[in-house]
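Visitor: Here's my sequence, what's the structure:
(2 chains)
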There are 2 protein chains.
Amino acid sequence: MTTHAAPRATAPQALTRCRASVEPALRAAVESLHPQPRRMASFSLGWCDADGTPSAGPGGKGVRQALAVLATEAAGAPAEPGVAAAVAVELIHTFSLVHDDIMDGDERRRHRDTVWKAFGTGPAVLTGDALFALGVQTLARAGGPHGAAAVGRLAEALGDLVHGQADDLLFESRPWTGPGAVGIAEYRAMADRKTGALLGCAMALGPLLAGAAPPVVGALSEAGRRLGLAFQAVDDLLGIWGDPGTTGKPVHSDLRRRKRTLPVLAATALDSTAAERLAGLLGSPEPLSTAAAAAASAIVEAAGGREFTMEEARRQVAGAYDCLESVRLAEGAREELVELCGYVLERRV
Amino acid sequence: MTTHAAPRATAPQALTRCRASVEPALRAAVESLHPQPRRMASFSLGWCDADGTPSAGPGGKGVRQALAVLATEAAGAPAEPGVAAAVAVELIHTFSLVHDDIMDGDERRRHRDTVWKAFGTGPAVLTGDALFALGVQTLARAGGPHGAAAVGRLAEALGDLVHGQADDLLFESRPWTGPGAVGIAEYRAMADRKTGALLGCAMALGPLLAGAAPPVVGALSEAGRRLGLAFQAVDDLLGIWGDPGTTGKPVHSDLRRRKRTLPVLAATALDSTAAERLAGLLGSPEPLSTAAAAAASAIVEAAGGREFTMEEARRQVAGAYDCLESVRLAEGAREELVELCGYVLERRV
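Guide: Residues are numbered from 1 along each chain as shown, chains lettered A, B, ... in the order given. As a prediction, the model looks like this:
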């Protein structure tokens, strides 16, 4: 990684600026929905409570929309395609959260009930569908001579997203040890589809819409994919060692849910004794006690799963930096992208 | 309606021919899915049993894919865009069936379990999402200079589809009489979105991809929308008076489910005594007995709801004929489209 001059904005400042430039268009898009899915979509975006009362809930961090805006600026393109890309990606991301929460049976997200928990499964299915359709619509309407390429790119990311989610669900039925166990390479392929694809897409769409040169689109897209893998690795760390007061999830939540995450898979691969002990704790059908989850967390850490995962995140971010250095980009936006990469590594929520 | 010379094929022949030309591409598209959603998608398309054993189940009638192929031929375009359009529309239609069955709690479709009933709700959500993404992908990949227009058109239809489903679900919570009751105009707007939009889209996409003249695309699209309204009206008739042995649904199934359908809404609008009696039968929270469903069916028929609905279907089909006469089309394909319109009116399943 090269050293950089002081950027024009810190990551939180960049996130705030991008959110401010995207939010009016995002709200206008959601406003166009049928009243029922509109309210549920607004709830899932943190804009209102379940009864429709406006709220200033935390919502998401807005990393995807910021990447879309900054990548477009970095490509030297005007703001509009970046905003259209950001809105489309944010809608698709929200769709995937709403449907994944149904599939995973998750009841809480961002310190509040998930959509299916608050409104029921059927309405949550509809809300996801509405967000999905609206995301495609938003990008298709952004149009222009490069509209087809952008929609095609989004369609590929959608396919990856679903494929990755299918893999993730299937991992849950796999054994913890032996030849049928989930390997690290398989896990990475899943994370690349489930998280990397949409972040890569987020950074590609605005430049694509604006007709940026293919090498620039390619470098930004690859930076997004790598950042997605880093993001997922940090997510996996927070899912075990995150502060429940900050993440809004119970302590050791991913272990309690017996999720295949990188720290556990790495611990299993690095240390066969740890693998046996983890298989004993996580492979049993009984509900995982608080003590067992804490024990599993200690085993994963002692076996090196935590450090391996942090190192994976660092390596992917370094790869993203390399991508951002490999082509000529607008300097201010590039610096903010670099800041955002650092933020992904250090985030606590 | 004008009289026509003997067409080159009857509706069943045209359906068979079009299905044969679309099926290889449809199977190839589904084959590209992740194995889990692929098996569930194949099940929902009638290609295999729940355990994956290939089956020659009835599947759908294939009206949408036939309309896509014939409209493309009618516009004088080559076959490829018609097949791409047919595959995309069939995938999107199947997505909507899979998700609607979750939302409506329907356990049976086409003489077999619905996807959520056979595989669980979460996997059914994923299957729908996979079909949705694949539908958009298929069309985006068909590409060409007019790819953006076609994807934009599909995106609009997707928005309509979700909006119509949201209306349909919301209708269930409305009163049966009084100012809050669902009116016929509202019902038509719902059906236009829920059914008309995708049939209109089916007939527009191939011609759009092939760069057909806007008046031709417009006339074919409008014919599809009207055919969609006719299709929905006949569906409503079959939902009450269809033969359970043919439809695969219980006798009076839509009445048992207290669905707002055109025959009931028309009976309510046409005859205030019938309206009161229907409100008494259908508005009560108790499960509807076989006798009560039969009584409701007789009331709807005596009040003219059945005839009104049949007349609505006939009028919409006549409108579709007019659209097909309004522009210059390839004669053989136009005749087959006319045959298909007649088939929609007379179908029993």
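Visitor: which residues of the stretch 1-150 of chain A fall in helices?
Guide: Ranges of helices in the stretch 1-150 of chain A, per DSSP state H, counting those that start in this stretch, are A:11-31, A:35-44, A:63-74, A:79-104, A:115-119, A:121-142, A:147-171.
Visitor: The helix or strand just after the last one - contacts with which helices or strands?
Guide: Stepping forward along the backbone from helix A:147-171, the first helix or strand reached (DSSP states H and E) is helix A:184-191. In terms of contacts (3 or more CB pairs under 8 Å, 6 or more residues apart in numbering or on different chains; DSSP states H and E), helix A:184-191 is packed against helix A:147-171, helix A:214-241, helix A:262-270. Where you see a C-beta, it was placed from the backbone N, CA and C, and this is true even at glycine.
Visitor: what angle do the first one and helix B:147-171 make?
Guide: Interaxial angle, helix A:147-171 versus helix B:147-171 (axes from the mean of the first three to the mean of the last three CA atoms, to 10 degrees): 50 degrees.
Visitor: Identify each buried residue in helix A:147-171, please.
Guide: Neighbour counts using 16 or more other CB atoms under 10 Å in any protein chain shown place A:147-169, A:171 of helix A:147-171 among the buried residues.
Visitor: With the last one instead?
Guide: By 16+ other CB under 10 Å, the buried positions in helix A:262-270 come out as A:L262, A:P263, A:V264, A:L265, A:A266, A:A267, A:T268, A:A269, A:L270.
Visitor: quick one: contacts for the fourth one?
Guide: Going by CB atoms under 8 Å, 6 or more residues apart in numbering or on different chains, A:L265 touches A:V182, A:G183, A:I184, A:Y187, A:G305.
Visitor: If we use 10 Å, what do you get?
Guide: A:171, A:176, A:181-184, A:186-188, A:236, A:275, A:278, A:300, A:305, A:308-309 (CB atoms under 10 Å, 6 or more residues apart in numbering or on different chains).
Visitor: Same check on the fifth one?
Guide: Under the criterion of CB under 10 Å, 6+ apart, the contact partners of A:A266 comprise A:184, A:187, A:233, A:236, A:274, A:300, A:303-309, A:311-312.
Visitor: among the residues you listed, which ones are buried?
Guide: A:Y187, A:A233, A:D236, A:A274, A:V300, A:A303, A:G304, A:G305, A:R306, A:F308, A:T309, A:E312.
Visitor: How about the fifth one: what's its closest non-neighbour residue?
Guide: If I follow you right, that is A:V300. Spatial nearest neighbour of A:V300, excluding adjacent residues (CB to CB, 6 or more residues apart in numbering or on different chains): A:A267 at 4.3 Å.
Visitor: just the last one next, same as before
Guide: With CB to CB, 6+ apart as the measure, A:A233 is the residue that lies nearest to A:E312, at 4.8 Å, once sequence neighbours are left out.
Visitor: Can you get me a residue count around the residue of the stretch 201-349 of chain A found nearest chain B?
Guide: Nearest residue of the stretch 201-349 of chain A to chain B: A:L209, at 10.9 Å (CB to the nearest CB). The tally of other residues near A:L209 (other CB atoms under 10 Å in any protein chain shown) stands at 28.
Visitor: Model confidence for the nearest residue to it once chain neighbours are set aside, exactly?
Guide: Of all residues not flanking A:L209 in the chain, A:P81 sits nearest, at 3.6 Å (CB to CB, 6+ apart). At A:P81, the model reports a pLDDT of 96.
Visitor: Likewise for A:T247?
Guide: Listed pLDDT for A:T247 reads 80.
Visitor: Next, the contact list for it, please.
Guide: With contact taken as CB under 10 Å, 6+ apart, A:T247 is in contact with A:R110, A:H111, A:D235, A:L238, A:G239, A:W241, A:S253, A:R348, A:V349.
Visitor: And the closest residue to the second one other than its chain neighbours, how far from A:L97?
Guide: Think A:H111. Once flanking residues are discounted, A:H111 sits nearest to A:G248: 4.0 Å by CB to CB, 6+ apart. Distance from A:G248 to A:L97, counting by CB to CB, to the nearest Å: 13 Å.
Visitor: again, but for A:A140
Guide: As judged by CB to CB, A:A140 and A:L97 stand 22 Å apart.
Visitor: Neighbour count for these two, which is higher?
Guide: A:A140 (27 against 19).
Visitor: Tell me the predicted confidence for the more buried one.
Guide: 92.
Visitor: swap in A:L282?
Guide: Here, the pLDDT recorded for A:L282 equals 92.
Visitor: Neighbours of the residue nearest to it when sequence neighbours are not counted, how many?
Guide: Excluding its sequence neighbours, the residue lying closest to A:L282 (CB to CB, 6+ apart) is A:R258, at 4.9 Å. Residues within reach of A:R258, counting by other CB under 10 Å, total 18.
Visitor: and if you look at A:T290?
Guide: Residues near A:T290, counting by other CB under 10 Å, number 11.
Visitor: same thing with the one 3 residues further on?
Guide: Around A:A293 sit 22 other residues, with neighbours defined as other CB under 10 Å.
Visitor: what about the residue lying closest to it once chain neighbours are set aside, neighbour count?
Guide: Nearest non-adjacent residue to A:A293, counting by CB to CB, 6+ apart: A:H252, 3.9 Å away. Using other CB under 10 Å, A:H252 is surrounded by 22 other residues.
Visitor: Ok, A:V251 next?
Guide: The number of residues packed near A:V251 is 17, by other CB under 10 Å.
Visitor: Could you grab the helix/strand/coil label for it?
Guide: Taken by DSSP: H, G, I helix; E, B strand; the rest coil, the conformation at A:V251 corresponds to coil.
Visitor: got any ranges where the stretch 51-200 of chain A has weak pLDDT?
Guide: Scanning the stretch 51-200 of chain A for pLDDT under 70 picks out A:57-58.
Visitor: Go again with 80.
Guide: Within the stretch 51-200 of chain A, the segments meeting pLDDT under 80 span A:56-60, A:143.
Visitor: thinking again about what came up before, thought the residue nearest to A:A293 was touching A:L238?
Guide: No: when contacts are counted by CB atoms under 10 Å, A:H252 is not listed as touching A:L238 (11.1 Å).
Visitor: got a list of what the closest residue to A:V115 other than its chain neighbours touches?
Guide: Nearest non-adjacent residue to A:V115, counting by CB to CB, 6+ apart: A:A124, 4.3 Å away. Applying CB under 10 Å, 6+ apart to A:A124 gives the contacts A:37, A:40, A:44, A:98-99, A:101-102, A:114-118, B:102-103, B:125.
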